[in-house]
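Participant: got a structure for you, letters missing:
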Ligand SMILES: CC(=O)SCCNC(=O)CCNC(=O)[C@H](O)C(C)(C)COP(=O)(O)OP(=O)(O)OC[C@H]1O[C@@H](n2cnc3c(N)ncnc32)[C@H](O)[C@@H]1OP(=O)(O)O
């Protein structure tokens, strides 16, 4: 690794870094047209490059966002992506040094990413903190769909309204679930405006309740060949959020009632979004896949632990081990009255990647113990930890980056 220099990129080096990342994914370099959109999201001062003999051979980028944690607080977040090392420079520690620079220098207490492969990020202290399910539902096509239960109404946006209205509605909905994150302007440009520029036929349905717009579904029709002479239409839902579960289920009802559609499919849906309970036959709803959604890194463990709330139980002393950022290592007394460092003996011990799995409420302390990811020093502490770390709703990010 000694031949490599890690530093922040200059603005005019960003495109080479993007091409390098795309190349690491075996994809073609970015076109001029797409660069106009994909350059927007990742500011140069947050992009790290690894250089050898003056040439970029690796990069790791991020944008600044915020994430909701249990109890409703919102913490600064580094949304990490575009991690890639040129194929002729892999496995000699380049990514490790990029990760180190990124986690040390950015300053946010949380970092999050979507992983191409699950084996990569645990060593840097990331753990899977949100999961989602891919759901496919047979459309009801004229069969009785229970009507919208509330006062809600649904309208379709004009295409030229999408990039303006959806960010406003997303902001209005707010970060009401652990794991939800803010979306800077650049995110909308990279994701929605870019697709519109590609002439993808995106359609947005907006739900309005008594207080105004409170949810949306962004979707696209696709044709599925089910045999050489039979084709069916499916609606693919790319993005769907609502101020409440009821609003999202109303959006599902709307999509399922669409004419000329055989299925509706959505990715990364929260685990408590029980679509099977609103269709006439629950067998029409299939979970195709349960996926790891976002990986989380508690970069500043004391700040992160102190920011969330805890359920009613006597405190536990948790010893955290963090090899990559050793200043986080130590014992923390965690209770409903807050969190502080302590010299008391540990009830439970776990590595920082396991803490990330526990933190937003996706996995219980008992499950971590049963799978060997948490060591129990004081048996009665495990039930207390389950109560302390439990959350009302399963975490979900709902934002791909
Ligand atoms: C958030 C995102 O952007 S996800 C996208 C990630 N990027 C990709 O998948 C693109 C293709 N892959 C790559 O560009 C590179 O292989 C990277 C970025 C995954 C890894 O870069 P490298 O510089 O090779 O990683 P580095 O040498 O620092 O490896 C550190 C450790 O991780 C291990 N490792 C790295 N990548 C992998 C992998 N894909 N599978 C298994 N182990 C891996 C290494 O073996 C090494 O292990 P060790 O510490 O026990 O020796």
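Facilitator: Okay, I see it. Everything numeric in this text was worked out from a predicted model, so none of it was measured.
Participant: where's residue 212 relative to residue 103, distance?
Facilitator: The gap separating residue 212 from residue 103 is 40 Å, by Cβ to Cβ, to the nearest Å. In this view, the C-beta of every residue, glycine as well, is placed from N, C-alpha and C.
Participant: Mind checking which of the two has more residues around it?
Facilitator: Between residue 212 and residue 103, residue 103 has the larger neighbour count (other Cβ atoms under 10 Å), namely 22 against 10.
Participant: Please tell me I have it right and that one contacts residue 297.
Facilitator: Yes. Counting by Cβ atoms under 8 Å, residue 297 is a contact partner of residue 103 at 6.8 Å.
Participant: Spit out the residues that contact those two alike.
Facilitator: By Cβ atoms under 8 Å, 6 or more residues apart in numbering, residue 103 and residue 297 have these common neighbours: 111, 124-125.
Participant: Just give me the closest of the residues you listed to the ligand.
Facilitator: Nearest to the ligand out of the shared contacts of residue 103 and residue 297 is residue 124 (Cβ to the nearest ligand atom; 8.6 Å).
Participant: Over to the closest one: give its phi and psi.
Facilitator: Torsion angles at residue 124 (phi, psi; degrees, to the nearest 10) stand at phi -100, psi 10.
Participant: List the residues that contact the residue in the stretch 301-401 of the chain that the ligand sits nearest to.
Facilitator: The minimum distance from the stretch 301-401 of the chain to the ligand, using Cβ to the nearest ligand atom, falls at residue 401 (8.8 Å). Contact analysis of residue 401 by Cβ under 8 Å, 6+ apart lists 41, 63, 79, 81, 114, 187, 191.
Participant: Flag the least confident of these.
Facilitator: Among these, residue 41 carries the lowest pLDDT, at 92.
Participant: what stretches of the stretch 101-250 of the chain score poorly on pLDDT?
Facilitator: Within the stretch 101-250 of the chain, the stretches with pLDDT under 70 are 141-150.
Participant: how does the protein divide up, domain by domain?
Facilitator: 5-108, 132-292, 300-389 (automatic domain parsing).
Participant: could you dump the ones you listed to a markdown table with distance to residue 119?
Facilitator: Listed next are those as a markdown table, based on distance: least, Cβ to Cβ, whole Å:
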| stretch | distance to residue 119 |
| --- | --- |
| domain 5-108 | 12 |
| domain 132-292 | 12 |
| domain 300-389 | 12 |
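Participant: Just give the closest residue to whichever residue of the stretch 251-400 of the chain sits closest to the ligand, not the sequence neighbours.
Facilitator: Taking Cβ to the nearest ligand atom, the ligand has its nearest neighbour within the stretch 251-400 of the chain at residue 295, 8.0 Å off. Spatial nearest neighbour of residue 295, chain neighbours left out: residue 126 (4.2 Å); criterion: Cβ to Cβ, 6 or more residues apart in numbering.
Participant: what's the answer for residue 306, then?
Facilitator: Leaving aside its chain neighbours, residue 306 sits nearest to residue 339 (4.7 Å; criterion: Cβ to Cβ, 6+ apart).
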